[in-house]
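Undergrad: Here is a sequence together with a model predicted from it:
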Amino acid sequence: MARYYSKTHEWVSVDGDEAIIGISSYAVEVLGDVTYAEIPQEGTDLIVGDPVGVVESVEESREVYSPISGTVIEVNSCLEDDPGLVSGDPEGKGWFCKLDNIDLDELDDLMDEAAYAKYLKTL
């Protein structure tokens, strides 16, 4: 499964015609322990840059933006009861939502893992 990153520290993994969205480990390092996560509703149509949700920590609150367009087909409802999943496993169990009807051409505007690692060194 290919993974891509945005400059605002969201990630998207693509598997066939579906995508999974979350925030990067770097974003969690900056935020600190996540105490609240707001997720989108199933059926929501997203365009690149649309808010997907919100994450809050003791330090700050931050919107999560969609790195790719599509329709929300599943949400990680576990985050409602355990937002700490985002802190503990941001690029695994802490995912936000799954999309279908994705536009694969939009991946060209994102960074692969190597490019993202290089980008982080400039921050």
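TA: That came through fine. Numbers count the residues shown, from 1 in each chain.
Undergrad: is it true that residue 38 touches residue 53?
TA: Yes: between residue 38 and residue 53 there is a contact under C-beta atoms under 8 Å: 4.4 Å. Any C-beta I mention is one placed from the backbone N, CA and C, and that applies to glycine too.
Undergrad: Looking at these two, which has the bigger crowd around it?
TA: residue 53 (22 against 17; other C-beta atoms under 10 Å).
Undergrad: Would you check how far apart the more buried one and residue 66 are?
TA: 10 Å (C-beta to C-beta, to the nearest Å).
Undergrad: For the protein, which segments count as strands?
TA: 2-5, 10-15, 18-23, 34-38, 45-46, 51-57, 61-65, 70-75, 97-100, 111-112 (DSSP state E).
Undergrad: what sits up against the third one?
TA: The one in question is strand 18-23. Contacts of strand 18-23 with the rest of the structure, by C-beta atoms under 8 Å, 6 or more residues apart in numbering, involve 9-13, 52, 55, 64, 66-68, 70, 73, 86, 90-91, 94-100, 102.
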